[in-house]
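In: Okay, here's the prediction I keep looking at, along with the sequence it came from:
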Amino acid sequence: MAKFILLYKGPATPMEDITPEVSEQIMQAWGAWMGKVGDALVDGGAPFAGRTAFAGDGSAASVSDLNGYTVVEAADIDTAKTLCEGNPFLSDGTAKFVIEIYELAPM
């Protein structure tokens, strides 16, 4: 089995703009999805908070709209993709939210 990192990309809602009620709904949705993924879930991950970016010469660079990550284990990348079904990050059904999947190479 291989490990895959799921990177969540799209516009983030600032944490201070999320009400306690909405936060509870979000946490329930994530809990349900993680439960469905089951033993394939290696690391539930976390949302990204503060961020910065810089180039090799030390100059400032633009940060991306990556919002967080999850690590799963699967037989192949197609199976990892199927584990994303029902992922709350894609719940709005538009193309403005994306999950990028990368296989983690053994070191």
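Out: Cool, the structure landed.
In: Which SSE is immediately downstream of the lengthiest helix in the chain?
Out: Criterion DSSP state H: the longest helix present in the chain is helix 20-37. Counting by DSSP states H and E, the next helix or strand C-terminal to helix 20-37 is strand 41-47.
In: Starting from that following strand, tell me which strands it pairs with and how they run.
Out: When sheet partners are counted by DSSP bridges, strand 41-47 sits next to strand 66-74 (antiparallel).
In: what's the neighbour count on G86?
Out: Neighbourhood size, G86 [other Cβ atoms under 10 Å]: 12. (Glycine included, C-beta is placed from N, CA and C.)
In: meant to ask about V98
Out: 13.
In: And the nearest residue to it once chain neighbours are set aside, how far from S64?
Out: Closest residue to V98 apart from its sequence neighbours, by Cβ to Cβ, 6 or more residues apart in numbering: K9 at 4.6 Å. Remark: distance between K9 and S64 (Cβ to Cβ, to the nearest Å) = 7 Å.
In: Looking at the two, which one has more neighbours?
Out: K9 (16 against 11).
In: Tell me which residues touch the more buried one, please.
Out: 64-67, 97-100 (Cβ atoms under 8 Å, 6 or more residues apart in numbering).
In: that older thread, packing partners for the longest helix of the chain?
Out: strand 41-47 (3 or more Cβ pairs under 8 Å, 6 or more residues apart in numbering; DSSP states H and E).
In: Can you select the buried ones among the contacts of K9 for me in PyMOL?
Out: Restricted to buried positions by 16 or more other Cβ atoms under 10 Å, the PyMOL selection for the contacts of K9 reads:
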select buried, resi 66+67+97+99
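In: Present the contacts of K9 as TSV; the columns should include distance to D78.
Out: Converted to TSV, the contacts of K9 look like this (distance: Cβ to Cβ, whole Å):
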residue	distance to D78
S64	25
D65	26
L66	23
N67	24
F97	21
V98	17
I99	14
E100	15
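In: Identify, from the contacts of K9, the entry nearest to T82.
Out: I99 (12.0 Å; Cβ to Cβ).
In: doesn't F89 make contact with the closest one?
Out: Yes. Using Cβ atoms under 8 Å, I99 makes contact with F89 at a distance of 6.2 Å.
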